[in-house]
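J.: Sequence and predicted model, in that order:
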Amino acid sequence: MDELRALLAKHARPDMTTLIEDVLVSRVTAGGPPTPSMSGTILAFVAQGRKRIALGERVYDYRAGQYLVASVDMPITGNYVDISPSEPALGIGIVLRPDKVAEILLTNDLPKPAGTPEGLAVSDASQELIDAVTRLARLLDQPRDARALAPLIKQEILWRVMTGEQGAVVRQLGTQDSSLSHIAKAVKWIRENYAESFKVENVARIAGMSESAFYRNFQAVTAMSPIQFQKQIRLQEARLLLATNRDVTSVSHRVGYDSPSQFSREYRRQFGAPPSQDAKLTLQPAL
């Protein structure tokens with residue numbers, strides 16, 4: 001872990017990108033209050049520090065030596081705990097791509113996922129997983145080797161997770177007809193059409209599920225109802241828009257609110273300050 005921490009501290013950038021595609025590195029030196037953001041679809045491994053994330057009514061803590069899987073891009077609230085400039089939070093993440101998961105499923109005999117897993121999950125990392133993550137981080141110092149070896153090590157890391165405690169969560173991501181894949185279609189539609197009013201039965205049809213099954217599975221994955229999910233997206237989009245457009249009424253209409261006063265009430269309840277006074281939201285993944 002000491003080697004991994006040193007590598008992550010060395011290669012962390014403000015935007016978290018690295019020379020390896022779909023690999024992110026995070027270094028955070030200050031905690032602060034919980035901040036709303038989007039989780040991204042990511043496998044995040046913590047090398048130092050601790051982070052707390054809330055998804056609906058669920059709360060997840062993950063710390064050094066643990067990993068978090070986010071199988072659907074969802075609105076979350078999170079903050080780092082007990083960190084400082086001398087002891088920053090350090091983490092490395094891999095963006096989860098359904099096609100990469102599907103490749104492993106097609107060439108290996110893994111059990112089909114049953115039921116509908118939660119959209120977020122936390123587990124302790126095995127020694128084999130820590131070793132693979134460290135080897136991936138070493139490639140940040142070896143650009144030539146990274147082009148050839150990074151895809152192989154990322155596949156190994158996926159394999160370790162897919163055959164581990166949270167394997168079902170990741171396997172569902174690459175299974176075309178899984179409950180998670182159906183809910184992911186609905187999540188994508190709501191995110192792209194968040195300003196539109198909708199009936200749950202219509203979104204259930206987009207997901208290819210009955211209304212009752214859709215509602216039940218949507219809550220299992222996201223810890224929210226579809227309408228609550230839409231409201232979270234609307235408020236986060238509004239917060240971004242307000243960074244460049246201080247016309248609260250205009251922004252409220254743009255994100256789908258008919259009543260600016262209702263928008264202001266819900267915005268203050270979500271972010272702790274009225275929209276006219278709040279600062280821009282910085283979106284970061286669960287890493």
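T.: Nice, thanks for sending it over.
J.: what ranges do the strands span in the chain?
T.: Assigned by DSSP state E, the chain shows strands spanning 23-28, 35-38, 42-48, 50-55, 58-63, 66-70, 75-81, 89-95, 120-124.
J.: how about low-confidence regions in the stretch 151-287 of the chain?
T.: Scanning the stretch 151-287 of the chain for pLDDT under 70 picks out 279-287.
J.: again, only this time at 50
T.: 280-283 (pLDDT under 50).
J.: Let me know which of the strands of the chain is the nearest to residue 8.
T.: With CB to CB, the closest approach to residue 8 among these belongs to strand 89-95: 4.3 Å. Backbone N, C-alpha and C define where each C-beta goes, glycine included.
J.: Other residues contacting the closest one?
T.: Here strand 89-95 makes contact (CB atoms under 8 Å, 6 or more residues apart in numbering) with 4-5, 8-9, 12, 16, 22-29, 40-51, 80, 83, 133, 136-137, 154, 157-158, 285-287.
J.: filter the residues you listed to the buried ones?
T.: Buried subset of the contacts of strand 89-95 (neighbour count, 16 or more other CB atoms under 10 Å): 4-5, 8, 12, 16, 22-28, 40-51, 80, 83, 133, 136-137, 154, 157-158, 285-287.
J.: quick one: residue 39 and residue 124, what's the gap?
T.: According to CB to CB, to the nearest Å, residue 39 stands 20 Å off from residue 124.
J.: now swap in residue 66 and tell me
T.: Residue 66 is 6 Å from residue 124, by CB to CB.
J.: try residue 236
T.: 31 Å.
J.: So for residue 66 and residue 124, which residue has more residues nearby?
T.: residue 66 (17 against 13; other CB atoms under 10 Å).
J.: Go ahead and confirm that one touches residue 126.
T.: No - between residue 66 and residue 126 no contact is recorded; they are 11.0 Å apart, counting by CB atoms under 8 Å.
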